[in-house]
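Visitor: give me a model of this one.
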Amino acid sequence: MHKRLRILTWHVHGNYLYNLTQVPHDFYLLTDTARSTHHSGRSGVLPWGQNVHEAHVDEVKGMDFDVLMFQSRQAYEEEQHQVLSAAQRRLPRVYIEHDPPQVHPTDTLHWFQEPDGLLVQVTPFNALMWDAGVTPTVVVEHGVLPLSPERYRGELAQGLVVVNNLDQRGRRLGADVYEQVRRQVPLTLVGMGAERMGGAGEVVNHQLPATMAAHRFFFNPIRYTSLGLSIIEAMMVGMPIVGLATTELVSVIRNGENGFVDTRVDRLVDAMHGLLKDPAQARRLGEAARATALDRFHIDRFVHDWLQALRGLTS
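Guide: You can find the predicted model right below:
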């Protein structure tokens with residue numbers, strides 16, 4: 001029987017954190033009175049479990065933990081020195097890196113340089129591109145516990161795009177690609193600030209699967225990022241995926257089997273037109289996408305991988 005750990009972390013990516021807290025340990029989310037960025041605790045509409053607690057910045061020094069789990073550079077380089085005790089800062093430490101390197105795609109040394117720590121990469125692509133230096137690294141690929149039992153219907157002859165604040169995030173997130181494609185294909189953009197680009201605005205977490213289920217396909221315009229959880233959530237619903245053949249997506253989507261990927265936008269537009277004209281093909285690809293997601297991104301595999309990683313860190 002392995003010890004149940006008390007893990008201090010931050011609320012950085014809500015859906016990822018929700019899936020992470022399916023791991024049977026106790027998670028303490030650092031909070032402040034203002035519920036500021038990364039300090040919002042058990043916020044939103046996600047159905048947090050009883051193993052998710054809050055640790056206020058004014059009280060955290062008096063609390064006992066077994067592991068520090070960093071998810072942002074600011075928390076690691078600055079905040080831990082401001083709010084944690086010296087003894088707490090000597091606890092076993094894990095850093096979850098959610099993104100590929102953004103300054104240079106291959107020659108960026110990760111700032112978490114700790115030979116006794118653990119750097120967890122969420123995709124094999126991220127692990128390939130980061131220089132981990134002296135820090136041991138493991139890959140724990142995403143796992144998704146669906147927030148709704150919704151299944152694909154595809155009655156809307158439109159594609160769905162899910163990106164927060166796309167207008168502010170430029171070429172890396174594919175704002176220009178989205179604009180190019182939507183002039184040729186009917187697309188619905190959802191996410192924070194989507195209305196600024198003529199989109200439908202934000203859809204709350206547990207209602208997003210129903211929005212996904214209604215649309216014919218999911219389009220990912222992002223050039224360079226990690227494998228977005230929204231893509232996996234769409235696959236779980238049973239949506240076919242269309243996206244740029246970059247980063248980890250090329251290892252997930254197989255052309256003509258569970259979606260389409262290409263670096264040529266015109267070919268993606270042709271594929272989208274094909275899905276709009278052929279609902280039966282869209283359903284077939286979506287069923288295969290769901291099978292892929294259940295095989296590769298099942299929550300049970302994710303929990304198992306995290307238990308193994310944490311056991312190795314604390315043994």
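Visitor: where are the low-confidence patches of the protein?
Guide: Counting by pLDDT under 70, the chain shows low-confidence ranges at 1.
Visitor: domain ranges for it, per the record?
Guide: 6-143+298-314, 156-296 (automatic domain parsing).
Visitor: dump those to JSON lines, plus distance to P149.
Guide: All C-beta spots, glycine's among them, are computed from the backbone N, C-alpha and C. Shown next, in JSON lines, are the domains of the chain (distance: least, CB to CB, whole Å):
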{"stretch": "domain 6-143+298-314", "distance to P149": "14"}
{"stretch": "domain 156-296", "distance to P149": "8"}
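Visitor: looking at those, which is closest to E150?
Guide: domain 156-296 (4.0 Å; CB to CB).
Visitor: neighbours around Q308, how many?
Guide: Neighbour count of Q308, defined by other CB atoms under 10 Å: 12.
Visitor: ok, it to D32 distance?
Guide: 33 Å (CB to CB, to the nearest Å).
Visitor: that older thread, most tightly packed of the domains of the chain?
Guide: By mean neighbour count, with neighbours taken as mean count of other CB atoms under 10 Å, domain 156-296 ranks first of those at a mean of 19.
Visitor: from Y152, how far out is H215?
Guide: Applying CB to CB to H215 and Y152 gives a distance of 9 Å.
Visitor: common neighbours of the two, please.
Guide: M239 (CB atoms under 8 Å, 6 or more residues apart in numbering).
Visitor: let me see the ranges of the strands in the stretch 201-315 of the chain.
Guide: 215-220, 241-244, 259-262 (DSSP state E, counting those that start in this stretch).
Visitor: let's have those in CSV, adding distance to D99.
Guide: As requested, the strands of the stretch 201-315 of the chain are exported to CSV (distance: least, CB to CB, whole Å):
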stretch, distance to D99
strand 215-220, 15
strand 241-244, 16
strand 259-262, 20
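Visitor: contact partners for M63?
Guide: L8, Y28, A55.
Visitor: and those, which of them are in strands?
Guide: The strands, defined by DSSP state E, take in L8, Y28, A55 from the contacts of M63.
Visitor: and L156, how far from A280?
Guide: Relative to A280, and taking CB to CB, L156 is found at 16 Å.
Visitor: what's the answer for R311, then?
Guide: Distance from R311 to A280, by CB to CB: 46 Å.
Visitor: please, where are all the strands along the stretch 51-200 of the chain?
Guide: Counting by DSSP E, counting those that start in this stretch, the strands of the stretch 51-200 of the chain are 52-56, 67-70, 93-97, 118-121, 137-139, 156-162, 187-190.
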